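**Student:** generate coordinates for the sequence data below:
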Amino acid sequence: MTNDDMTLRGMPGQSAGMQQLDSTAGLREANDDGAPQSQTQLQSQSQTQQQTQQSPQQQQAQQQAQSVKCPNCGATNDAGSLYCASCGQVLRRQTCPNCGAELDGDADFCESCHHYISTSACSFCGAHLSEQDAFCPECGSPRGGIVCPTCHTLNEFSFCKQCGRALTEEAAQLVRELQMKPEYQELAAAAKELDELQMQLPFESEEDVKTARKCDELRQRVLRLLAQDAGVVNVVIPPVGEERMSKEEHAARKAEVMERISNLLERIPVPANPKPAQVRNYAMAQKPQGLRLAWLCNYKHAMHSSPCGCAKPQLGGKWVVLGHGSKQEIKDDK
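**Tutor:** Numbers count the residues shown, from 1 in each chain. Below you'll find the predicted structure:
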């Protein structure tokens, strides 16, 4: 075999090798920026071309798979939606880890067993919590709750559900800020006036009026005799602190004060806030001590003893005056 034959016979193998080198070089052609393309980039471009070449039916099926259909009105919503954009129906539900009750996906409190269920947000300030956090990185409150130093009740929120005391420094500061507002000072004065009215006993009948008059005459006689025995010449008998009213007058006076308190509460609205903890804190801070109120929530339009018993206080609500001995139904939040 001559050298020419060996050279000619070696050409096919050399051509195949050259073709392989050309193919590899083709995979690494420069992109628009002049940088070589990797195999992963080429595969991604291939997948994009395949998606572009999908039929309209395939694209529609893929979009439906990535959306959520409302069970109430049938409207199509994005996969991450909590509520239907058309009718407002809840699209995502969760189960209470304590009692198994079904809850809305964004609820952080179970109204069935009355436990705070969120593991990712601090119940005292609303800051984000990781699974490893035993204390809030923002306010320092423990995840397990705070025992009230006044009544020794364990609480999951910033205000004691039993006595209403502020349990965190943030809550105490919020109370001090609100107490500086003229509306709050006027509200506190009206609350004290209502409390005094509730302690009074109105006249139930004409016999009560006669009995009260006789008692007052006897009081004046005794005081006058005691003053004369002490050598007082001009005896001045002090009147009774506040005259008793009739049952009708007493009821009308209470209704007027309660209406005034309601108007004052309207002048101190709870600011809108997406964090339930912040809404609870502000609403509890504006509640005067000793005043019997109920929280009317916008979530279920239920009456709670406070916004701490509402699963979604971020939807808003307002305080309503109940007064002494009110028969209005309050949802049990204890």
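**Student:** any stretches of this protein with poor pLDDT?
**Tutor:** 1-66, 80, 82, 241-242, 323-329, 331-334 (pLDDT under 70).
**Student:** ok, the residue nearest to the spatial centre of it to Tyr116 distance?
**Tutor:** What sits nearest the mean C-alpha location of the chain, by C-alpha atoms, centre = their mean, is Pro276, with 2.4 Å. For Pro276, the distance to Tyr116 equals 10 Å [C-beta to C-beta, to the nearest Å]. Glycine gets a C-beta too; all of them are placed from N, C-alpha and C.
**Student:** which of the residues in stretch 290-300 are buried?
**Tutor:** Leu291, Arg292, Leu293, Ala294, Trp295, Leu296, Cys297, Tyr299 (16 or more other C-beta atoms under 10 Å).
**Student:** stretch 93-110 now?
**Tutor:** For stretch 93-110, by 16+ other C-beta under 10 Å, it's Cys96, Leu103, Asp104, Asp106, Ala107, Asp108, Phe109, Cys110.
**Student:** dump that stretch to CSV, restricted to CA.
**Tutor:** Only the C-alpha atoms of stretch 93-110 are listed here, as CSV (Å, rounded to 0.1, in the frame of the first residue of the first chain):
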residue,chain,number,x,y,z
ARG,A,93,-59.2,27.3,52.9
GLN,A,94,-57.2,26.0,55.8
THR,A,95,-57.8,23.7,58.8
CYS,A,96,-57.3,24.7,62.4
PRO,A,97,-54.4,22.7,63.8
ASN,A,98,-56.0,22.6,67.3
CYS,A,99,-59.6,21.7,66.6
GLY,A,100,-59.8,20.9,62.9
ALA,A,101,-62.3,23.7,62.1
GLU,A,102,-62.3,24.9,58.5
LEU,A,103,-61.0,28.5,58.2
ASP,A,104,-60.3,31.1,55.5
GLY,A,105,-56.8,30.9,54.1
ASP,A,106,-55.8,34.3,55.5
ALA,A,107,-57.3,33.8,59.0
ASP,A,108,-54.8,33.9,61.9
PHE,A,109,-57.2,33.1,64.7
CYS,A,110,-59.7,30.2,65.1
